[in-house]
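**Student:** Could you look at this predicted model? Sequence included:
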Amino acid sequence: MSDDRTPRPPARHRNRRQAPELPGSSSSSSSSSGTGDSSAGASGSAGPAVVPDALIVPDPATVGDAADFAAATPAEEATAEFRDEAITAIAPRLGAQAARGAAVTLAAQGGKVLVQVVSVVILARLLSPHDYGLIAMVLAIIGVGELFRDFGLSSAAIQATTVTRGQRDNLFWVNAAIGAGLSVVVFVGAGLIAAAFGQPELVPISHALALTFLINGLGTQYRADLVRRLRFSAVATADIAAPAVALIIAIGGALLGWGYWALVAQQLSQALVLLVVLVVAAGWIPRLPRRGEPIRGFLAFGWNMLASQLVSYVSNNWDNVLVGIRFGPVALGLYSRAFQLLMTPLNQVRIPLTTVALPVFSRLKDERDRFADWLCRGQLALGYTIVAGLALVAGAAEPVTALLLGPQWLASAPILRLFAIAGIFQILAFVGYWVYVSRALTGDLLRYSLVSAAIKIACITIGSFGGVLGVAIAYAVAPAISWPISLWWLSRRTSIPTARLYAGAGRVLALAVLAAGAAGGAVLLCSAWWTIVQVAAAAVAAVAVYALAALIVPSVRRDLAGVLAAARMVRRH
């Protein structure tokens, strides 16, 4: 919703209570009025109240204001009546908003993934594994600073029911200050990064990439504000324009013989273009910080979020650090190219899906049945689309590597196959993340993250004794162990349809194994043909598996029908 809106005060109830800082915080629960309506307080409704006629043109962003007005009404009957009217007006539009957001975001994300693939295909032929290995070393170390720069405040602002303009300004300055501080720390500590890997070239690279903290810090709350207002088109534009411009700059630098500096220029230009587009789209300039605008609840939410993200980041990058230190930049270049080819586009798909899903699940968190239905539908949609694609890559890793990177990178093919297997289990577990964040279970997310990180680090450390391939095997094994633990953990902390999620995942995994086997068989049959023919044959074989399963297995047919129905809803909206 627009933070600059001037609502009409609801008569004498206007100043009965103060807005809590954040849903799910202690201040939120303590500030609900004594109406006997526990649901309003539990949802953490906050901010200035609005009158009922503000819902004539219902918008999901006004849900918080409607609940706040209801909680401020002294009569329980009036509260219930108003809240029911608000929910009735808004609920039919929630699916439409989600569908439109998914359509815009996923369409743009398709363009972004295309840019990413083009970047991998072209730059892999212009730059060496050594160049990529050096950049991967720096990013693996200083990337942890990006989590501190965000401090979980973007998720806190998105998840909050209301955010005042003053709170938004204060959050902007907090992120900007953290970004500036991190830029200084990394610039000064560049020598330590170089010493850790034994590569003197990392000093100037670290100096240059330190600027990304400041740039990204300035853009954090602009992005969060656009997501809060469900302006997915603006976010999508920024997400595709920035990497496209950066790719052009990187290609030009590589052709001019810049070497790894072309990749440095790509990182810096992408951050800068992203900031400019977000600022223009958001259309606001931050005011100076104000003490009267409390953000303690946001910081508390953000701290738990940051802690869990730090744990996840360390576990997710422990493999890069270990490969870089033990096996050198060339081995890390091969490893990181396989990761960049598969896992980076996969992450780019998951991020916008969360951007769309999080506001929806946050608003459905008190509706048990609808929440469960949407969660299962989300898992199946991911399973029959993204997991199917990963199964194809797992079965046809060699021709896919040769086609996209060139024959000189074939040593990355086994690593790519193992990353595809890891991605399958990560996708199955990803819906759990939506539950943790939408229900403000960041403390539980932190504790689960500690367990899963310990599993991953242990697996990778043991796997490193088998070389780079051993690390990749461990990377695939770790999420296969952590995924069922995630569902068990969540089932003990909140209400989720555990049995339905396990059953749906079982069908998804069974089909993925069959599709990967069929794709691998097709590659062997066409091994004497061109690489592109092998990939095409593998794709046809994988699709045939899903088509045959839909014909003979009723549960698979129902799953696919549900996915197709969701796709038709997206197209209509």
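**Tutor:** Yep, it's here. Residues are numbered from 1 along each chain as shown.
**Student:** shouldn't Leu209 be in contact with Gln270?
**Tutor:** No - using Cβ atoms under 8 Å, Leu209 is not in contact with Gln270; the gap is 11.5 Å. C-beta here means a position set from N, CA and C on the backbone, and glycine is covered the same way.
**Student:** The two: which is more packed in?
**Tutor:** Set Leu209 next to Gln270 and count neighbours by other Cβ atoms under 10 Å: Leu209 wins out with 26 against 21.
**Student:** Let me see the ranges of the helices in the stretch 101-250 of the chain.
**Tutor:** Taking DSSP state H, counting those that start in this stretch as the criterion, the stretch 101-250 of the chain carries its helices at 129-150, 153-159, 165-188, 190-197, 202-209, 211-228, 232-255.
**Student:** helices or strands next to the fifth one in the packing?
**Tutor:** Spelled out, it's helix 202-209. Helices and strands touching helix 202-209, by 3 or more Cβ pairs under 8 Å, 6 or more residues apart in numbering; DSSP states H and E, are helix 129-150, helix 165-188, helix 190-197, helix 260-282.
**Student:** got the CA positions of stretch 225-235 in PDB?
**Tutor:** Taking Å, rounded to 0.1, in the frame of the first residue of the first chain, the C-alpha atoms of stretch 225-235 are listed here in PDB:
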ATOM      1  CA  ASP A 225       8.800  -1.000  -0.800                       C
ATOM      2  CA  LEU A 226       8.000  -2.000  -4.300                       C
ATOM      3  CA  VAL A 227       7.300  -5.600  -3.300                       C
ATOM      4  CA  ARG A 228       5.100  -4.400  -0.400                       C
ATOM      5  CA  ARG A 229       3.000  -2.500  -2.800                       C
ATOM      6  CA  LEU A 230       2.900  -5.500  -5.100                       C
ATOM      7  CA  ARG A 231       4.500  -3.600  -7.900                       C
ATOM      8  CA  PHE A 232       6.000  -6.700  -9.400                       C
ATOM      9  CA  SER A 233       6.300  -5.100 -12.900                       C
ATOM     10  CA  ALA A 234       8.800  -2.500 -11.600                       C
ATOM     11  CA  VAL A 235      10.800  -5.100  -9.700                       C
END
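**Student:** chain center to it, what's the gap?
**Tutor:** 15 Å (Cα atoms, centre = their mean, to the nearest Å).
**Student:** Go through it and flag the buried ones.
**Tutor:** Buried residues in stretch 225-235, defined by neighbour count with 16 or more other Cβ atoms under 10 Å: 225-235.
**Student:** one step back: which of the helices and strands packed on helix 202-209 is buried the deepest?
**Tutor:** Comparing those by mean neighbour count (mean count of other Cβ atoms under 10 Å), helix 129-150 ranks first with a mean of 22.
**Student:** okay, that helix in PDB with CA atoms only?
**Tutor:** This file holds the C-alpha atoms of helix 129-150, laid out as PDB (Å, rounded to 0.1, in the frame of the first residue of the first chain):
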ATOM      1  CA  PRO A 129      38.700 -21.000 -15.600                       C
ATOM      2  CA  HIS A 130      41.400 -19.100 -13.700                       C
ATOM      3  CA  ASP A 131      39.600 -15.800 -14.300                       C
ATOM      4  CA  TYR A 132      36.400 -17.200 -13.000                       C
ATOM      5  CA  GLY A 133      38.100 -18.900 -10.100                       C
ATOM      6  CA  LEU A 134      39.600 -15.600  -8.800                       C
ATOM      7  CA  ILE A 135      36.200 -13.800  -8.900                       C
ATOM      8  CA  ALA A 136      34.600 -16.800  -7.200                       C
ATOM      9  CA  MET A 137      37.100 -16.700  -4.400                       C
ATOM     10  CA  VAL A 138      36.400 -13.000  -3.600                       C
ATOM     11  CA  LEU A 139      32.600 -13.400  -3.900                       C
ATOM     12  CA  ALA A 140      32.600 -16.500  -1.600                       C
ATOM     13  CA  ILE A 141      34.300 -14.400   1.200                       C
ATOM     14  CA  ILE A 142      32.800 -11.000   0.900                       C
ATOM     15  CA  GLY A 143      29.400 -12.300  -0.100                       C
ATOM     16  CA  VAL A 144      28.700 -12.900   3.500                       C
ATOM     17  CA  GLY A 145      28.800  -9.100   3.900                       C
ATOM     18  CA  GLU A 146      25.700  -8.800   1.700                       C
ATOM     19  CA  LEU A 147      23.700 -10.500   4.400                       C
ATOM     20  CA  PHE A 148      24.900  -8.000   7.000                       C
ATOM     21  CA  ARG A 149      24.100  -5.200   4.600                       C
ATOM     22  CA  ASP A 150      20.500  -6.400   4.300                       C
END
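**Student:** Could you check the angle it makes with helix 260-282?
**Tutor:** Angle of helix 129-150 versus helix 260-282, following axes from the mean of the first three to the mean of the last three Cα atoms, to 10 degrees, is 30 degrees.
**Student:** doesn't Ala476 make contact with Gln426?
**Tutor:** No - applying Cβ under 8 Å as the test, Gln426 and Ala476 come out as separate, 9.9 Å apart.
**Student:** ok, the two, which is more surrounded?
**Tutor:** Counted by other Cβ under 10 Å, Gln426 and Ala476 do not tie: Gln426 has more neighbours, with 25 against 22.
**Student:** Skipping adjacent residues, who's closest to that one in space?
**Tutor:** Pro479 (5.0 Å; Cβ to Cβ, 6 or more residues apart in numbering).
**Student:** after the helix or strand where the one you found lies comes which helix or strand?
**Tutor:** Pro479 is part of helix 467-493 when elements are defined by DSSP states H and E. Next in sequence after helix 467-493, counting helices and strands by DSSP H and E, comes helix 498-525.
**Student:** quick one: that following helix to chain centroid distance?
**Tutor:** With Cα atoms, centre = their mean, you get 24 Å for helix 498-525.
**Student:** same for that helix, what does it pack against?
**Tutor:** With contacts taken as 3+ Cβ pairs under 8 Å, 6+ apart, helix 498-525 sits against helix 368-383, helix 386-395, helix 413-438, helix 467-493, helix 531-552, helix 554-572.
**Student:** since we're on the nearest residue to Arg417 once chain neighbours are set aside, how many residues are nearby?
**Tutor:** By the measure of Cβ to Cβ, 6+ apart, the closest residue to Arg417 outside its immediate chain neighbours is Ala397, 3.8 Å from it. Neighbour count of Ala397, defined by other Cβ under 10 Å: 27.
**Student:** for Ala397, what are its contacts?
**Tutor:** 413-414, 416-417, 420 (Cβ atoms under 8 Å, 6 or more residues apart in numbering).
**Student:** any chance of those in JSON lines, with distance to Gly506, neighbour count and pLDDT too?
**Tutor:** Below are those laid out as JSON lines (distance: Cβ to Cβ, whole Å; neighbours: other Cβ atoms under 10 Å; pLDDT from 0 to 100):
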{"residue": "Ala413", "distance to Gly506": "29", "neighbour count": "18", "pLDDT": "92"}
{"residue": "Pro414", "distance to Gly506": "27", "neighbour count": "17", "pLDDT": "93"}
{"residue": "Leu416", "distance to Gly506": "25", "neighbour count": "26", "pLDDT": "93"}
{"residue": "Arg417", "distance to Gly506": "22", "neighbour count": "24", "pLDDT": "95"}
{"residue": "Ala420", "distance to Gly506": "19", "neighbour count": "27", "pLDDT": "94"}
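**Student:** Let me know the closest of those to Thr461.
**Tutor:** Pro414 (20.0 Å; Cβ to Cβ).
**Student:** Please tell me how far the closest one sits from Ala397.
**Tutor:** According to Cβ to Cβ, to the nearest Å, Pro414 and Ala397 sit 7 Å apart.
**Student:** repeat for Thr237
**Tutor:** Separation of Thr237 from Ala397 (Cβ to Cβ): 34 Å.
**Student:** His130 too?
**Tutor:** The gap separating His130 from Ala397 is 23 Å, by Cβ to Cβ.
**Student:** centre of the chain versus the strand or helix carrying Leu446, how much separation?
**Tutor:** Leu446 belongs to helix 442-463 when assigned by DSSP H and E. In terms of Cα atoms, centre = their mean, the centre of helix 442-463 is found 18 Å from the chain centre.
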